[in-house]
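Undergrad: Next input, structure requested:
(one chain, ligands or ions: 1)
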Amino acid sequence: MVLVLSSGRKKFGRCGLSNKFSTRTAQNKEEVSFQRVSLKMGLLQLTANENGNAILVSQSSWLMKHPSALDTFEQMMNIARGRKIVVFLDYDGTLSNIVPNPDEAFMTNKMRIAVREVAKCFPTAVISGRSRNKVHGFVRLDNVYYAGSHGLDIAAPLPSSKYADQKHQNRIADEMGNEFALFQPAQRYLPAIRKMLIALNEKTKSIKGVVIEDNKFCISVHYRNVLDEHFCTLEKLVKSVLQDNRDFRISKGKKVFEIRPDIEWDKGHALEYLLETLGFSSSDDVLPIYIGDDRTDEDAFKVIRNRGEGFPIVVSSTPKDTMALYSLRNPTEVNKFLSRLVTWRKKTSFCKLV
Ligand SMILES: [Mg+2]
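TA: Alright, predicted model coming up:
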């Protein structure tokens with residue numbers, strides 16, 4: 001059972017929070033009394049849904065709906081036998097812990113080894129909201145494909161015929177002479193992003209703890225270290241910058257506002273693009289695994305759900321609204337899952353070589 005505590009607040013609002021909570025079940029909309037819910041609090045966890053409303057969810061119903069990918073590993077691999085697995089990984093909160101300073105979200109060497117080994121067995125890509133160069137700098141592996149800026153900046157092995165739009169896709173070579181395709185569908189927004197960065201830094205400089213991160217094709221405004229009493233002011237200032245830039249949209253991640261061009265391109269599109277450029281678009285036996293912890297990863301989960309094949313895995317220690325079918329609690333469990341995947345790949349003769 002999922003119970004929603006509606007506070008009447010607006011989408012991103014801690015501003016104007018009402019003390020008068022009403023409760024209802026999310027599934028049957030039946031009103032129940034707050035007293036009755038309080039009595040059951042010991043069995044339930046308080047969390048938040050996509051709209052920022054507080055919700056109460058039992059841990060057992062969460063795991064029934066989104067079983068642990070470690071506990072169900074064998075069943076998952078039974079489905080994967082004979083399929084071409086492609087692995088997609090988010091970075092922050094998935095390969096690294098969320099830390100107060102986003103510049104220090106380093107992954108452990110143990111995690112790096114796990115990702116490196118996975119990438120030896122399966123085509124592997126990291127899709128992050130960070131700039132592509134930044135996430136490459138954190139991961140530091142050359143056998144992994146990188147998509148930065150929530151998929152708005154992708155380095156893939158070969159130019160895709162499907163996306164052979166020279167305006168967005170270029171064939172370039174690295175210092176070793178290796179050619180690859182660079183897909184950047186939001187190039188025309190770069191001048192506006194530069195101006196927004198200046199405006200955001202200027203307008204928010206008086207608020208202690210704000211970190212404005214330049215992620216090339218998008219901007220992250222981190223407020224993890226901002227005092228609660230300054231949040232509303234910050235939110236208004238960020239939105240005021242958006243009002244002058246109607247071609248952009250804002251979304252909210254974990255203690256961060258994400259600002260990006262309002263174009264139809266997200267992590268789900270990046271997943272499809274990479275499958276295409278990696279040569280799997282026409283394969284009916286490809287099985288994508290996507291592991292991520294944030295709201296922006298939901299677009300990729302949705303693509304996998306719509307394909308009807310693959311494993312969307314959310315990283316979360318608490319119940320949440322998600323399109324994922326499986327769960328892992330934290331990066332430590334992601335590490336275990338990746339290591340088991342490598343062990344399974346090495347043991348089985350049923351997994352096709354890719
Ligand atoms: Mg993340």
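
Undergrad: does the strand or helix carrying residue 268 come close to the ion?
TA: Residue 268 belongs to helix 267-277 when assigned by DSSP states H and E. No: counting by Cβ under 5 Å from the ion, the ion has no neighbours in helix 267-277; the shortest distance is 10.0 Å. Where you see a C-beta, it was placed from the backbone N, CA and C, and this is true even at glycine.

Undergrad: Moving C-terminal from that helix, which element do we reach first?
TA: strand 286-292.

Undergrad: Does at least one residue of that next one sit close to the ion?
TA: No: applying Cβ under 5 Å from the ion, one finds strand 286-292 out of contact with the ion, separated by at least 5.7 Å.

Undergrad: between that strand and helix 267-277, how many degrees?
TA: Here strand 286-292 runs at an angle of 150 degrees relative to helix 267-277 (axes from the mean of the first three to the mean of the last three Cα atoms, to 10 degrees).

Undergrad: which bits of the stretch 151-300 of the chain sit near the ion?
TA: So the stretch 151-300 of the chain meets the ion at 293-294 (Cβ under 5 Å from the ion).

Undergrad: Can you name the residue of the stretch 151-300 of the chain nearest the ion?
TA: residue 294 (3.9 Å; Cβ to the ion).

Undergrad: burial of that residue, as a residue count?
TA: Neighbourhood size, residue 294 [other Cβ atoms under 10 Å]: 25.

Undergrad: ok, it touching residue 98?
TA: No: at 9.6 Å, residue 294 does not count as touching residue 98 under the criterion of Cβ atoms under 8 Å.

Undergrad: shared neighbours, these two?
TA: Common neighbours of residue 294 and residue 98, counting by Cβ atoms under 8 Å, 6 or more residues apart in numbering, are 92, 254.

Undergrad: where along the chain do the helices fall?
TA: 34-39, 59-65, 73-80, 109-121, 132-139, 190-204, 228-243, 267-277, 298-307, 331-347 (DSSP state H).

Undergrad: Where does the prediction get shaky in the protein?
TA: Scanning the chain for pLDDT under 70 picks out 1-57, 158-167, 349-354.

Undergrad: Tell me how it divides into domains.
TA: For the chain, automatic domain parsing gives the domain ranges 2-58, 73-185+265-347, 188-261.

Undergrad: Out of those domains, which is closest to residue 66?
TA: Nearest to residue 66, of all the domains of the chain, is domain 73-185+265-347, at 4.2 Å by Cβ to Cβ.
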